[in-house]
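Enquirer: Okay, structure incoming, though there's no sequence with it:
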């Protein structure tokens, strides 16, 4: 399975989503940007997307919720260690209240992995971040990765909301 991500204005991306109703796409937005997340075994529909291989997943993606994407640059030689540690670490999140889905994406054209978690809402995500389970697993993963010189740069998190407009009664 592959994930292709493209960015643009919300209204432009909404037209793409509407043009391809049979594709597994999520339209996400935050205050800075909007993006479409397209999961498929086939080719991409986008002209120049960011391309990833889904190497670990759990849960079903939904049209409503809150998404956190951790973008983590990883050295080529550190990929096996990183992939194993994050797959193991994410087993703890799967049973956390409010959890919906998880994807670990291996980059196909750069060094930056995406670790995506989907939540019922922002509160569920923040509750996870404040949990002892998160603190323990995060500390172990970072300590081990730093000792193995896995990272090639600084990581960052981007957050998005999803809102299925079909729930609006204004039309």
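Expert: Received the coordinates, thanks. Everything numeric here is computed off the predicted structure, so don't read it as measured data. Numbers count the residues shown, from 1 in each chain.
Enquirer: I'd like to know which helix or strand in this structure has the lowest mean pLDDT.
Expert: One helix or strand of the chain scores below all others by mean pLDDT, DSSP states H and E: helix 132-147, with a mean of 65.
Enquirer: give me the beta-bridge partners of the most centrally placed residue in the chain?
Expert: The centre of the chain sits closest to residue 116, judged by C-alpha atoms, centre = their mean, with a distance of 2.3 Å. When bridges are called by DSSP bridges, residue 116 pairs up with residue 69, residue 103.
Enquirer: wait, doesn't it sit right on residue 103?
Expert: Yes: with contacts counted by C-beta atoms under 8 Å, residue 116 reaches residue 103, the gap being 4.4 Å. All C-beta atoms are positioned from the backbone trio N, CA, C, and that covers glycine.
Enquirer: Give me the mean pLDDT for stretch 96-112.
Expert: What stretch 96-112 shows for mean pLDDT is 94.
Enquirer: Start and end of that stretch, how far apart?
Expert: 26 Å (C-alpha to C-alpha, to the nearest Å).
Enquirer: May I see the buried residues of that stretch?
Expert: Neighbour counts using 16 or more other C-beta atoms under 10 Å place 96, 98-107, 112 of stretch 96-112 among the buried residues.
Enquirer: May I ask which two of those residues are separated the most?
Expert: Using C-beta to C-beta, the two most remote members of the buried residues of stretch 96-112 are 98 and 107, lying 27.8 Å apart.
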